[in-house]
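In: sharing a model prediction with you, sequence too.
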Amino acid sequence: MMKKKPKIGIIENEMVIAATIEDILIDLDYDVLEPALNYEEGLELISNNEINLLLIDINLNSIKDGIDLGIFLNENYPQIPFIYLTANSDKATLSRAKLSRPSGYIVKPFSKEDLFASIEIILNNFDKTLNYQEENYIMIKWGRTMNKIFFNQIVYLQKEDNYVQLTLESKKKILHRSTLRELEDILPKEHFTRISKGTIVQNRFIQSFNSKYLKLKSDFPEIEVSQPGYRLLLKISNF
């Protein structure tokens, strides 16, 4: 059976450069979507297509740029890896780009070989490290729309009266009308641990813990641990 070609999207504000990249990708035997030329077209490209990888120019000559698109992808489509293509390699641009956690960063001008190597490595590594999130998600309503939240995005969940507050890796907090027990039954048990009556955490975000508190990676706040929760943490301490 013939292997399905990876589908790649391009978001680049200069039509000539977008067409050149498209030709290179077709020559490399990828399935290429019609390029988007700005932030708004980028949103349409992402929402209307199944995409395996995105190439995003940082400078889109609009109020919102490619890094804003990267942040949007992290919050809404974490299953899509993306590479920044940019002529800017200054410290300020790099620092801001890192906050959006791209899978790669290529400085223009680049060669066909550079692009091919980056794409192949990222597609291979991304599939291996995030395979479970492609199949596991929950539909959450906030505002007037239903949104797909991949379990891999969730750092921790806490009971809030008649709701559960989900805190995502992007620092976004979402209130979902449900019980913690209902969500616990849905979550993959090998990836999440209930550390107290009102809190569930994703194991991969745990940095350290003791019998009273748990410290998460990054700058998330410390969370209280119950005695039953502490015993469970000891059991899975090889996370």
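Out: Thanks, I have it. Because the structure is a prediction, the values reported are computed rather than measured.
In: how is the protein divided into domains?
Out: 7-129, 135-235 (automatic domain parsing).
In: can I get those domains in a markdown table with mean pLDDT and mean neighbour count?
Out: To be clear about C-beta, it is placed using only N, CA and C from the backbone, and glycine gets the same treatment. As requested, the domains of the chain are arranged in a markdown table below (pLDDT from 0 to 100; neighbours: other CB atoms under 10 Å):
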| stretch | mean pLDDT | mean neighbour count |
| --- | --- | --- |
| domain 7-129 | 89 | 17 |
| domain 135-235 | 88 | 15 |
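In: in contact with the closest residue to residue 65 other than its chain neighbours, which residues?
Out: Spatially, and ignoring its direct neighbours in sequence, residue 65 is nearest to residue 58 (5.7 Å; CB to CB, 6 or more residues apart in numbering). Counting by CB atoms under 8 Å, 6 or more residues apart in numbering, residue 58 makes contact with 65-67, 84-86, 88, 93, 97.
In: now do residue 58 against residue 89, distance only.
Out: Per CB to CB, to the nearest Å, residue 58 is found 10 Å from residue 89.
In: kindly report the same for residue 223.
Out: 39 Å.
In: what helices and strands are in contact with the longest helix anywhere in the chain?
Out: Counting by DSSP state H, the longest helix found in the chain is helix 112-129. Contacts defined by 3 or more CB pairs under 8 Å, 6 or more residues apart in numbering; DSSP states H and E place helix 112-129 against helix 15-27, strand 53-57, strand 82-86, strand 104-107.
In: and the angle for that helix with strand 82-86?
Out: 150 degrees (axes from the mean of the first three to the mean of the last three CA atoms, to 10 degrees).
In: list the contacts of the helix or strand just after helix 112-129.
Out: Next along the chain after helix 112-129, taking DSSP states H and E as the criterion, comes strand 137-142. Contacts with strand 137-142, where a contact means CB under 8 Å, 6+ apart, come from 146-151, 166, 174-176, 183, 186.
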